[in-house]
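In: Next come a sequence and a model predicted from it.
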Amino acid sequence: MDVDLVDTVTLDLLREARETVRSSPLGVINTPLIPWCQTTLPLNVRCSLHIKLENMQRTGSFKIRGVANQFANRPKGGHFVTMSAGNYGKSFAYASQHYGSKGKVVMPETAPVSRSILIKSFGVEVERVPTNSLMTVVNRCVQEDNMTFLHSYDDLDLIAGHASLGLELLDVIPEPDVVVVCCGGGGLLAGVAAAIKLSGCDKTRIYGVEPEGACTMYKSFIENKPVGMETRSIASGLAPPFAGTLPFELCRRYVEAVVLINDEEIEAAVSTLYKSGLVVEPSGAAAFAAIVSNKIPELEGKNVACVLSGGNIGKDELANFPD
């Protein structure tokens, strides 16, 4: 990784991206950050907890933030290809339709079929392939069909767009003690962490949360370089085949640690949230699951923020979760 690229992620860059996201014709929402006491959710830790409701975002997840900044910095009417298990693909397809671009989403076969159908409804092509073939198919589209690759997590414009979430969070809680964010390829975690740390919150501890069966960033921290693995988790949105290179470098600089949760803890979190009226998908519930499963250290008496990153879950999926 070119260290210079990491150093280009400045507070000025992130603030500029926030204005781009705010003014985007894609209609990105400044989502609510609500105190725990205003919900009926149980909490076994004595802390002042706020939850950021990205499940209420346009297209149902935070991904629209990064997509808004990516498309604002790309030629209009292009022919783009990406890889996604669903949420990025949905935002990518929504933006492609709005801007009149051609698009193709390469999806892992493990992603819910309902996501493929939804993405196709925006007029974007979908190709489902084994997870370990995602980049092979993307490269084929680039080389043979002259498409432009928009990365779903390892992209400077995308990460800067996602950082808008972190800056919004600081508008409500200027100096949080702890911030907990899910991590797949690392784009959201990197953007939020950079926004918070570059804003001067030196004492804030930022934690990433990954599923045990898809812990590429966790392993990357151990090996001190971005690594890949055969990933499998109920949280398909957190299971890309490798950690992003730029996200890894930013997370290594700004993130306290990455913690792991298992699929059972994720399922329980989705059910708990649903019972309190919050529809959150498995990937979106990971940060919440880590807090209620006591995976985040030293929360007692702290100001804590937790991101619920998405709510794109179908009735068929919800029916499989425990009561």
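Out: Yes, it's here.

In: for the chain, what helix or strand is lowest in average pLDDT?
Out: helix 315-318 (a mean of 76; mean pLDDT, DSSP states H and E).

In: buried set for that one?
Out: For helix 315-318, burial by neighbour count (16 or more other Cβ atoms under 10 Å) applies to residue 317. The C-beta positions use only the backbone N, C-alpha and C, and glycine is treated the same way.

In: any chance you could map the helices in the stretch 1-150 of the chain?
Out: 3-7, 11-22, 63-72, 87-99, 113-120, 134-145 (DSSP state H, counting those that start in this stretch).

In: With only the CA atoms kept, save the shortest one in CSV.
Out: The one in question is helix 3-7. Once non-C-alpha atoms are left out, helix 3-7 reads as follows in CSV (Å, rounded to 0.1, in the frame of the first residue of the first chain):
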residue,chain,number,x,y,z
VAL,A,3,1.4,5.2,2.5
ASP,A,4,0.8,8.5,0.6
LEU,A,5,-2.8,7.3,-0.2
VAL,A,6,-3.5,6.8,3.5
ASP,A,7,-2.2,10.3,4.2
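
In: Contacts only, for residue 71.
Out: 26, 95, 99, 101 (Cβ atoms under 8 Å, 6 or more residues apart in numbering).

In: got a winner among those for most neighbours?
Out: Counting neighbours by other Cβ atoms under 10 Å, residue 95 leads these with 27 neighbours.

In: I figured it hits residue 67, correct?
Out: Yes: with contact defined as Cβ atoms under 8 Å, residue 95 counts as touching residue 67 (5.0 Å).

In: Quick check: neighbours shared by the two?
Out: residue 26.

In: ok, of the contacts of residue 71, which one's closest to residue 239?
Out: residue 95 (23.2 Å; Cβ to Cβ).

In: can you map out the helices along the stretch 201-323 of the chain?
Out: Going by DSSP H, counting those that start in this stretch, the stretch 201-323 of the chain shows helices at 216-223, 245-254, 263-275, 286-292, 315-318.

In: what's the domain layout of this protein?
Out: Taking automatic domain parsing as the criterion, the chain consists of the domains 3-62+155-318, 63-149.

In: okay, which residue is most central for the protein?
Out: The chain has residue 188 as the residue nearest its centroid, 4.5 Å off, counting by Cα atoms, centre = their mean.

In: ranges for the strands of the stretch 101-250 of the chain?
Out: Using DSSP state E, counting those that start in this stretch, the strands of the stretch 101-250 of the chain run over 102-108, 125-129, 148-149, 178-182, 205-211.

In: Leaving out the residues flanking it, which one is nearest to residue 92?
Out: residue 82 (5.3 Å; Cβ to Cβ, 6 or more residues apart in numbering).

In: One more: residue 257?
Out: residue 207 is the one closest to residue 257 (Cβ to Cβ, 6+ apart), at 5.8 Å.

In: Double-check residue 183 against residue 210; I have them as touching.
Out: Yes: between residue 183 and residue 210 there is a contact under Cβ under 8 Å: 5.0 Å.

In: Of those two, which one has the most company?
Out: Neighbours per residue, other Cβ under 10 Å: of residue 183 and residue 210, the larger number sits with residue 183, 31 against 28.
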